[in-house]
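> sequence unknown, structure follows:
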């Protein structure tokens, strides 16, 4: 489902240079897809190339968009941070040039209370650059603590 009238900042806690996502392309109960453009604000090297390890952060932020969107639909705030661990990461490129448009797609593999695992793919045009699985731990909701 296309997303309209929802700001990325309402879904994830990242701001300024730490917010890598430019647009939410679609999101529903099963998945989220975002778009990003590699700019000078990203952690690039002297040759204006991005190390693909940063793609893990794109998967984590897109997972945050997905969970934030679900919280937003339930009338809850979706901007709390998570503790994220990398379960698996396969990279299919050594470097990504400045100006590259990246599309990140994530799906929830499973979730239980405050723990979840997401799988994500980052692509440029039709070329897959990375496949990543992240596990996240999030703070308990205030109503669960009482």
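Okay, I see it. Just so it is clear, the structure is predicted and the values come from calculations on it, not from any experiment.

> From residue 74, how far out is residue 43?
As for residue 43, its distance to residue 74 is 34 Å (criterion: Cβ to Cβ, to the nearest Å). Just so you know, the C-beta spots here come from the backbone N, C-alpha and C atoms, and that holds for glycine as well.

> So if I had to pick from the two, which one is more boxed in?
For residue 43 versus residue 74, the count of surrounding residues by other Cβ atoms under 10 Å is larger for residue 43: 11 against 8.

> Now that one: closest residue in space that isn't a chain neighbour?
Computed as Cβ to Cβ, 6 or more residues apart in numbering, the closest residue to residue 43 that is not its neighbour in sequence is residue 54, at 6.4 Å.

> Could I get the full set of helices for this protein?
55-73, 142-145 (DSSP state H).

> hmm, which helix or strand of the protein has the shakiest average pLDDT?
Of all helical and strand segments in the chain, the minimum by mean pLDDT, DSSP states H and E falls on helix 142-145, at a mean of 45.

> From residue 107, how far off is residue 132?
12 Å.
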